[in-house]
Each structure stands twice: as structure tokens, then as C-alpha cells.
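Chemist: Here is a sequence together with a model predicted from it:
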Amino acid sequence: MKNPIHLATMKRNQLKVTCTPEHKKKLSDSHLNPDSYFQKWMKSEEYSVLMKETHKNSEYTISGKRSLDSRLRGIERAKRNGGK
């Protein structure tokens with residue numbers, strides 16, 4: 001059992017992070033901006049190949065095969081639609 005005094009001290013020392021609406025907007029815009037690193041990476045051929053190889057080499061069961069096939073079709077569809 002954890003020491004309640006220790007837990008209270010940990011709780012008191014936690015950082016108070018506030019996310020303002022302006023900060024949320026900046027984060028959202030950074031992911032939606034077509035020139036952002038995030039968008040360029042998601043649309044790259046390297047990303048598609050990496051994701052495809054990752055899913056091909058994963059272990060799966062018979063029921064997981066459907067999920068794998070679905071993910072691979074989704075990656076192909078995203079590739080055809082420009083990464084979206």
C-alpha cells in the first residue's frame with residue numbers, strides 16, 4: 001500500500017497545465033496546415049511503405065486477419081486520396 005502522505009505530496013507537486021482555447025486552435029491548425037511537417041510525413045510514400053510493412057509483419061489470428069486487411073485497405077485508400 002502506498003504511503004498516503006507521499007501520495008498527497010505527489011499530487012500537490014504536479015504541474016498545473018492549462019490548455020486555453022487559443023492553444024487548442026494553434027495545435028489544431030498545425031495539424032491541418034498542408035505545409036506542416038505532420039501533413040508532409042502523412043502524405044509521404046515512405047510513411048505508406050512503413051505502415052504497410054509494420055502491419056504485414058505483425059502476428060495476427062484468424063479474426064485479426066480481417067482487421068489487418070482492413071488496415072491495409074485503409075492505407076491504400078489514404079495513399080490514393082493524397083494522405084487523408
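Modeler: In hand now; what should we look at? Numbers count the residues shown, from 1 in each chain.

Chemist: following the strand or helix carrying residue 5, which helix or strand comes up?
Modeler: Taking DSSP states H and E as the criterion, residue 5 maps to helix 4-13. Using DSSP H and E, the next helix or strand after helix 4-13 towards the C-terminus is helix 21-32.

Chemist: Run through the neighbouring helices and strands of the helix or strand just after that following helix.
Modeler: The helix or strand immediately downstream of helix 21-32 is helix 37-42, counting by DSSP H and E. Counting contacts by 3 or more Cβ pairs under 8 Å, 6 or more residues apart in numbering; DSSP states H and E, helix 37-42 packs against helix 21-32. C-beta coordinates here come from the backbone N, C-alpha and C atoms, glycine included.

Chemist: contact partners of the helix it packs on?
Modeler: 36, 38, 39 (Cβ atoms under 8 Å, 6 or more residues apart in numbering).

Chemist: Contacts only, for the second one.
Modeler: Just to be clear, that refers to residue 38. Contacts of residue 38 (Cβ under 8 Å, 6+ apart): 30, 31.

Chemist: do the first one as well
Modeler: In this structure, residue 36 makes contact with residue 30, judged by Cβ under 8 Å, 6+ apart.

Chemist: any idea how far it lies from residue 82?
Modeler: Distance, residue 36 to residue 82, by Cβ to Cβ, to the nearest Å: 15 Å.

Chemist: Please apply the same query to residue 69.
Modeler: 22 Å.

Chemist: which helix of the protein spans the most residues?
Modeler: Selection of the longest helix in the chain by residue count, based on DSSP state H, yields helix 62-80.

Chemist: Which strands or helices does that helix pack on?
Modeler: helix 45-56.

Chemist: got the buried residues for the helix it packs on?
Modeler: By neighbour count on 16 or more other Cβ atoms under 10 Å, the buried set for helix 45-56 is 47, 48, 51, 55.

Chemist: Model confidence score at the first one, please.
Modeler: Confidence per residue is given as pLDDT, and for residue 47 that number is 84.
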